[in-house]
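In: I would like to see how this sequence folds:
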Amino acid sequence: MPVGFRHIDIAGEKVRLRPMRTSDAEVAYKLVKNEAVLSTLAWDRPANEEELHNTYRRWEREIKKGEGCHMAIEQLEQPGDIGNIDTGFLGHPLLASIGYWLGEPLWNRGYMT
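Out: Next up is the predicted model:
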């Protein structure tokens, strides 16, 4: 397993993927608390912004240790968290889970394709 994922930075035509930061939680909470977004998620909704902040803090530590790859999605033309792609390792070298979400105001604009 890699030592850490904090150096990953991937850019495409419309978006950039970068390691999630605890500071992303405030903006992310405003997008993820939307029922349309929440209905697509397999994980429990955050009860409040503080809970999401604590989750992001834990994920930031996991990124540094190489225990999880939690990436923020940003628009190239306007940096700032608009969604996330998350990879978790399931205790076996050949098993992982992948999840993602995107804020509803950005749906149908080609960001996830």
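In: which stretches of this structure form strands?
Out: If you assign secondary structure with DSSP state E, the strands in the chain sit at 10-11, 15-19, 68-75, 81-89, 96-102.
In: what's the closest of those to Ala25?
Out: For these, distance to Ala25 was read as C-beta to C-beta. The smallest value, 8.5 Å, belongs to strand 81-89. In short, each C-beta sits where N, CA and C put it, glycine included.
In: gap between the closest one and the chain center?
Out: Going by C-alpha atoms, centre = their mean, to the nearest Å, the spacing between the C-alpha centre of strand 81-89 and its chain's C-alpha centre is 3 Å.
In: same deal with stretch 54-63?
Out: 11 Å.
In: using CSV, write out every CA atom in that stretch.
Out: Presented in CSV, the C-alpha positions along stretch 54-63 are these (Å, rounded to 0.1, in the frame of the first residue of the first chain):
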residue,chain,number,x,y,z
ASN,A,54,-14.9,15.4,12.0
THR,A,55,-15.3,12.8,9.2
TYR,A,56,-13.2,14.9,6.8
ARG,A,57,-10.6,15.3,9.6
ARG,A,58,-10.4,11.5,9.9
TRP,A,59,-10.2,11.1,6.2
GLU,A,60,-7.4,13.7,6.0
ARG,A,61,-5.4,11.5,8.5
GLU,A,62,-6.2,8.4,6.4
ILE,A,63,-4.9,10.1,3.3
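In: what sits up against it?
Out: 4-6, 19-22, 24-25, 28, 46, 68-70, 86 (C-beta atoms under 8 Å, 6 or more residues apart in numbering).
In: now stretch 65-76
Out: Under the contact criterion C-beta under 8 Å, 6+ apart, stretch 65-76 has outside partners 1-5, 8, 10-21, 24, 28, 56, 59-60, 62-63, 80-89, 100, 102, 106, 111.
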